[in-house]
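Asker: sequence first, predicted coordinates after that:
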Amino acid sequence: MDGEKSLNFIEEIIEADLAAGKHKNILTRFPPEPNGYLHIGHAKSICLNFGLAKKYGGKTNLRFDDTNPSTEETEYVESIKADVQWLGFNWANELYASNYFDDLYAFAIQLIEKQLAYVDDSTSDEIAEQKGTPTTAGKRNKYAERTVAENLQLFEEMKAGKYADGTKVLRAKIDMAASNMLMRDPIIYRIKHAHHHRTGDKWCIYPMYDFAHGQSDSIENITHSICTLEFIPHRELYNWFIENLNIFPSHQYEFARLNMTYTVMSKRKLLQLVNEKYVLGWDDPRMPTISGMRRRGYTAESIREFCDKIGIARRENLIDIGLLEFCVREHLNKISLRRMVVFDPLKITITNYTQTEEILFSENNPEDETAGNRQIPFSKELYIEKEDFMENPPKKFFRLCPEGMVRLKGAYIIKCEEVVKDANGNIIELKCTYIPESKSGSDTSGIHVKSVLHWVSANHAVPVELCLYDRLLTVENVDAAEGDFKDYINPSSLQTITTAYAEPALKNAVINERYQFLRKGYFCLDINSNEQKMIFNRTVTLKDTWAKVNK
RNA sequence: UGGGUUAUGGUGUAACGGUAGCACUACAGAUUUUGAUUCUGUCUGUCUAGGUUCGAAUCCUAGUAACCCAACCA
């Protein structure tokens, strides 16, 4: 393959359609139901639909599939729009299935007139009963015999609010013996005396998904209607309506939805996590929601890159969350400002340091020359990370130890001369000397050390709070695990650190800027930060070879 | 047990009858003032059994496994 990226199966279909002159331009759509927040699985669909349009010079509509007023809310509409935009996509039109309620009602009348739909008074249990099973055909009931006039009147009365919820439905008259259960006279309208977030109380009958989605595609002239695998059986019905209504022939294509290790990807389960307070909200940084990932520090670029890397196919998949982390590290490495923060401080006194303080410089980002330098104050008393010192180190440990030497990043080489302990034998301080000729950038000492540590000057240190996140679940594939998914929630998915000290440059931290805390990971300022307290979220750790060796 | 869909390294994804490639992971090494980054290298794969063919991941036959469908949800 001469460097050319191969096409996925949908791209192949589109290129064939375009080549055959079937369409001049393509039109796709992203059709969320506004009953929850978008998650990374939706991002896959968004990137696909908008990406295809972009690649082939077409357009994409954002269409809310709002046919069920009892679960849908404006709050969700707003969050969905914000998330799609944040991901970097612009829709051609903001549309709603509810825009088409009048058209859909007219379509239903047409079906009745063609004797292809009837009003059924059966209860939901009776309908289920009469439907049969996958191995036995269903039976049509007496209501299917109603005349066109009778059906027209009844349906009109349903619309007028004459009947209570659940007492009547409109059904398409197709085939009660079909092997595809969806073709066994599917319900297309039900009575719901519910307030709709857009149409208010205008309607008390609402179309079902199957009677709304395909027709909406058709009304908009969508050329390629892309959805997930579980809708495959719906395609037959989708086509049946288009054919019998004789409307624009949109086509449905299906791809496999995204599953990811150590998390859940269903709106129902995510809603449960929110409602039952396992997380702090839809935008909790542990959630796989777009808003959660945004708050955690993921960039839109990295999410798009991830969606590109996982590919599009028709087989079930379970993507290693490590791939997502790889993508975000890859981007953050290029753009984040380097800063030093000590999480668990151990005091160091430089016994031979005679100045009160001096200002040192260090690069903001070694990956980006234009990022410039920052000032870092150095003084006699510093903090380093407790875990960077060991009194009796194993062979492969090359950080600080008694008599040992390390470099302080951007500063000097120091040597540990004395370990100070409290009455209980805990190490509370290290007395060190520094090598004056080893100053960073003008080192003439000739000394080579194996390790470089991050540090902060004690007098200049800024206390900050850190939120460290771990995977949401304790098992890779919760769908394959026994019992309820909530049994597998990771109890330590959030660790809050209140002992951390940051270098003074971090006082200027702002939302949306990305930081790499040297040797610790990528962080961003949390929206709950204020003048008194800065809170940083860890987006992802750095790769840590030492942690692996150590284990 | 009716119908539908899918099977390629640990995980994803290519190949369109002609050298099984790429990415992530894992492992080994080089460089490094982040045990990061970067660079180099290594391991591991065509669900099974037959068949067609000079040649099969690809075509045929028969199995096997997984997922989806019996909501007035989408």
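Answerer: Okay, I see it. Keep in mind that what you see is a predicted model, and the values were worked out from it rather than measured. Numbering: from 1, shown residues only, chains lettered A, B, ... in the order given.

Asker: up against RNA strand B, what does the stretch 151-300 of chain A have?
Answerer: Residues of the stretch 151-300 of chain A lying close to RNA strand B (CB under 7 Å from any atom of the strand) are A:165-169, A:179-182, A:187, A:190-192, A:206, A:208-209, A:212-213, A:229-234, A:256. (C-beta placed from N, C-alpha, C; glycine too.)

Asker: among those residues, name the ones in helices.
Answerer: Among these, the residues falling in helices (DSSP state H) are A:209, A:212-213, A:234.

Asker: quick one: contacts for residue A:431?
Answerer: A:348-349, A:351, A:416-420 (CB atoms under 8 Å, 6 or more residues apart in numbering).

Asker: one more time with 6 Å
Answerer: The contact partners of residue A:431, by CB atoms under 6 Å, 6 or more residues apart in numbering, come to A:349, A:351, A:417-418.

Asker: number of residues surrounding residue A:301?
Answerer: Look at residue A:301: counted by other CB atoms under 10 Å, it has 17 neighbours.

Asker: need the per-residue pLDDT for the closest residue to it other than its chain neighbours.
Answerer: Residue nearest to residue A:301 in three dimensions, not counting chain neighbours: residue A:331, with 5.2 Å by CB to CB, 6 or more residues apart in numbering. Residue A:331 is assigned a predicted lDDT (pLDDT) of 98.

Asker: what element comes up after the helix or strand where residue A:331 lies heading to the C-terminus?
Answerer: Secondary-structure assignment from DSSP states H and E places residue A:331 in helix A:321-335. Going down the chain from helix A:321-335, the next helix or strand is strand A:337-339, by DSSP H and E.

Asker: thinking again about what came up before, looking at the residues of the stretch 151-300 of chain A next to RNA strand B, which are in strands?
Answerer: Counting by DSSP state E, the members of those that fall within strands are A:169, A:187, A:190-191, A:206.

Asker: what's the closest of these to RNA strand B?
Answerer: Closest to RNA strand B out of these is residue A:190 (3.3 Å), distances taken as CB to the nearest atom of the strand.

Asker: give me the buried subset of the ones in helices among the residues of the stretch 151-300 of chain A next to RNA strand B.
Answerer: For those, a burial check counting by 16 or more other CB atoms under 10 Å picks out A:209, A:212-213, A:234.

Asker: just flag the most distant two among those residues.
Answerer: A:212 and A:234 (11.7 Å; CB to CB).

Asker: quick one: the helices in the stretch 401-550 of chain A?
Answerer: Assigned by DSSP state H, counting those that start in this stretch, the stretch 401-550 of chain A shows helices spanning A:545-550.

Asker: what are the boundaries of the strands in it?
Answerer: A:405-408, A:413-421, A:427-434, A:452-453, A:455-457, A:462-469, A:494-502, A:515-517, A:521-525, A:535-540 (DSSP state E, counting those that start in this stretch).

Asker: could you dump those strands to CSV with mean pLDDT?
Answerer: Below are these laid out as CSV (pLDDT from 0 to 100):
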stretch, mean pLDDT
strand A:405-408, 98
strand A:413-421, 98
strand A:427-434, 98
strand A:452-453, 98
strand A:455-457, 98
strand A:462-469, 98
strand A:494-502, 98
strand A:515-517, 98
strand A:521-525, 98
strand A:535-540, 98
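
Asker: thought residue A:521 was touching residue A:543?
Answerer: No - the pair residue A:521 and residue A:543 does not pass the contact test of CB atoms under 6 Å, sitting 9.9 Å apart.

Asker: before we move on, back to that, out of the residues of the stretch 151-300 of chain A next to RNA strand B, which end up buried?
Answerer: For those, buried by 16+ other CB under 10 Å: A:168-169, A:180, A:182, A:187, A:190-192, A:206, A:208-209, A:212-213, A:231, A:234, A:256.

Asker: save the ones in helices among the residues of the stretch 151-300 of chain A next to RNA strand B as TSV, and put in pLDDT too.
Answerer: Conversion of those to TSV gives the following (pLDDT from 0 to 100):
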residue	pLDDT
A:209	98
A:212	98
A:213	98
A:234	98
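
Asker: contact residues of the stretch 451-551 of chain A facing RNA strand B?
Answerer: Residues of the stretch 451-551 of chain A lying near RNA strand B (CB under 7 Å from any atom of the strand): A:451-452, A:516, A:518-519, A:542-546, A:548-549.

Asker: and for the stretch 1-150 of chain A?
Answerer: Contact residues, the stretch 1-150 of chain A versus RNA strand B (CB under 7 Å from any atom of the strand): A:1, A:6-9, A:12, A:31, A:33, A:65, A:67-68, A:71, A:122-124, A:127-128, A:131, A:133-135.

Asker: that older thread, now, the most widely separated pair of the residues of the stretch 451-551 of chain A next to RNA strand B?
Answerer: A:516 and A:549 (21.7 Å).

Asker: more neighbours: those two, which one.
Answerer: residue A:516 (24 against 10).

Asker: okay, now the unreliable bits of the stretch 351-500 of chain A?
Answerer: Under the criterion of pLDDT under 70, none of the stretch 351-500 of chain A is flagged as low confidence.

Asker: try 90 this time
Answerer: A:395 (pLDDT under 90).

Asker: dump the residue contacts of the residue of it found nearest RNA strand B.
Answerer: Closest contact between the stretch 351-500 of chain A and RNA strand B, by CB to the nearest atom of the strand, is at residue A:440 (2.8 Å). Residue A:440 makes contact with A:410-411, according to CB under 6 Å, 6+ apart.

Asker: distance of residue A:103 from RNA strand B?
Answerer: 16 Å (CB to the nearest atom of the strand, to the nearest Å).

Asker: can you put the buried ones among the ones in helices among the residues of the stretch 151-300 of chain A next to RNA strand B in a markdown table and add distance to residue A:486?
Answerer: Formatted as a markdown table, those follow (distance: CB to CB, whole Å):
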| residue | distance to residue A:486 |
| --- | --- |
| A:209 | 28 |
| A:212 | 33 |
| A:213 | 32 |
| A:234 | 30 |
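
Asker: closest to RNA strand B out of those?
Answerer: residue A:209 (3.4 Å).

Asker: report the separation between that closest one and residue A:137.
Answerer: Using CB to CB, to the nearest Å, residue A:209 is found at 24 Å from residue A:137.

Asker: same question, residue A:16
Answerer: 38 Å.
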